[in-house]
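# sequence and predicted structure are below.
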Amino acid sequence: MKQVKFFLVALMAVVMGMSVTSCMNGDDNHNVTMTVPVKYNYSSFLMCDGTTKLVPTTELGLLDGIMYIISCQYDQSQVSANSNSIPVTLLSTPLCIDPKGDESLSTTKTKPTNPLYTLDKQQSSLVYYDKNTIVLTMPYWVKVTNSSVEESELKKHSFCLSYNPDEIESNATKLNLYISHRVEDGEESVTRSNFTYAYRAYSISLALYQFKEKTGKLPQYLVLKAETNSSKDELKDENGETSVEYQYAFTE
């Protein structure tokens, strides 16, 4: 099946968390290439340690979002071991991964209209920007026009994240998070036979707070749940919800 690539192929490294490639083809080549989730910090980007800044060597301009995925390159010979500021060359336009208006974490589960393609860890992922922020890579069905995905098609899709506080028992070790994929087609009949990827950075601080209130501790695992179908762009009549576990990477 043809996979739609509307963004950099390098972004698929996000499925594995973070991509770092060092090119050492001789003593004079010290370039390191990275594809990473970052937080916009006006003229720079803040990495997940909360202190290291990636500073573009060309003027960044004013960006509207908060969380981004960037692909960049820097010369490690010009960066000291304890440096908190790294000059980088951007290899593409930063991709904003903020949730859209109704996608942010909610205690009310939204009914999905369409499935995700899969939650399999080979094609989807959950990585942590910090203890309260997860970055999801989600494959989903799209319509392709003339070998590309039009912006109007992308805007139809939303990915709403939710959790149910009533599910959290006092002895719970797993926090369930539900992804609801919704598509606004109106009266139009649309055939979607290819898939691409959505990237979102969600704050789960409220869910973590309520989990700790009920259990006295943070979860050991986050469990993503969603309706999936890798055969066609239709919700299954039964057994369509699948789940995948990720170890929660932080402790008190």
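Arrived safely, thanks for sending.
# mind checking how far the nearest residue to Tyr221 once chain neighbours are set aside is from Gln220?
Spatial nearest neighbour of Tyr221, excluding adjacent residues (Cβ to Cβ, 6 or more residues apart in numbering): Lys174 at 4.5 Å. Every C-beta, even on glycine, is put in place using the N, C-alpha and C of the backbone. According to Cβ to Cβ, to the nearest Å, Lys174 and Gln220 sit 7 Å apart.
# and for Thr173?
When distances are taken as Cβ to Cβ, Thr173 and Gln220 turn out to be 4 Å apart.
# returning to that earlier point: burial count for the residue nearest to Tyr221?
Number of residues near Lys174 (other Cβ atoms under 10 Å) recorded here: 16.
# which residues touch it?
Residues near Lys174 by Cβ atoms under 8 Å, 6 or more residues apart in numbering: Pro219, Gln220, Tyr221, Leu222, Val223, Glu245.
# give me the pLDDT value at it.
Here the pLDDT value assigned to Lys174 is 98.
# before we move on, what about Thr251?
According to the model, Thr251 scores 86 on pLDDT.
# let me see the backbone angles for it.
Reported as degrees, to the nearest 10, the phi and psi values for Thr251 are phi -130, psi 180.
# in this structure it contacts Gln220, no?
No - Thr251 sits out of contact with Gln220 when judged by Cβ atoms under 8 Å, with a separation of 9.4 Å.
# the more surrounded of these two?
Applying other Cβ under 10 Å to Thr251 and Gln220 shows that Gln220 carries more neighbours, namely 13 against 8.
# okay, now the domains of the chain?
Segmentation of the chain into domains, based on automatic domain parsing, reads 9-96, 125-247.
# deepest of the ones you listed, which one?
The densest packing among the domains of the chain, expressed as mean neighbour count by mean count of other Cβ atoms under 10 Å, is seen in domain 125-247 with a mean of 16.
# which ones are touching Thr182?
Actually, residue 182 is Arg rather than Thr. The contact partners of Arg182, by Cβ under 8 Å, 6+ apart, come to Thr110, Lys111, Pro112, Thr113, Asn114, His157, Ser158, Phe159, Cys160.
# partners of the helix or strand that contains it in the sheet?
Taking DSSP states H and E as the definition, one finds Arg182 inside strand 174-183. Using DSSP bridges, strand 174-183 pairs in its sheet with strand 157-162 (antiparallel), strand 221-227 (parallel).
# re earlier: want to try CSV for the domains of the chain, with distance to Asp102 as columns?
Written out in CSV, the entries for the domains of the chain read as follows (distance: least, Cβ to Cβ, whole Å):
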stretch, distance to Asp102
domain 9-96, 16
domain 125-247, 6
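# ranking the ones you listed by mean pLDDT, which is last?
Ranked by mean pLDDT, these bottom out at domain 9-96, with a mean of 82.
# so Lys214 sits in a helix?
Yes - assigned with DSSP: H, G, I helix; E, B strand; the rest coil, Lys214 falls within a helix.
# quick one: residues contacting it.
By Cβ under 8 Å, 6+ apart, Lys214 lies in contact with Pro165, Ile168, Glu169, Ser170, Ala172.
# list the contacts of Trp141.
Each residue near Trp141 by Cβ under 8 Å, 6+ apart is listed here: Asn114, Pro115, Tyr117, Arg192, Ser193, Asn194, Phe195, Lys232, Asp233.
# give me the beta-bridge partners of it?
Phe195.
# and for the one 4 residues further on?
Here Thr145 sits in beta bridges with Ser148, going by DSSP bridges.
# does it touch Glu153 like I think?
Yes - because the distance of 7.5 Å satisfies Cβ under 8 Å, Thr145 is recorded as touching Glu153.
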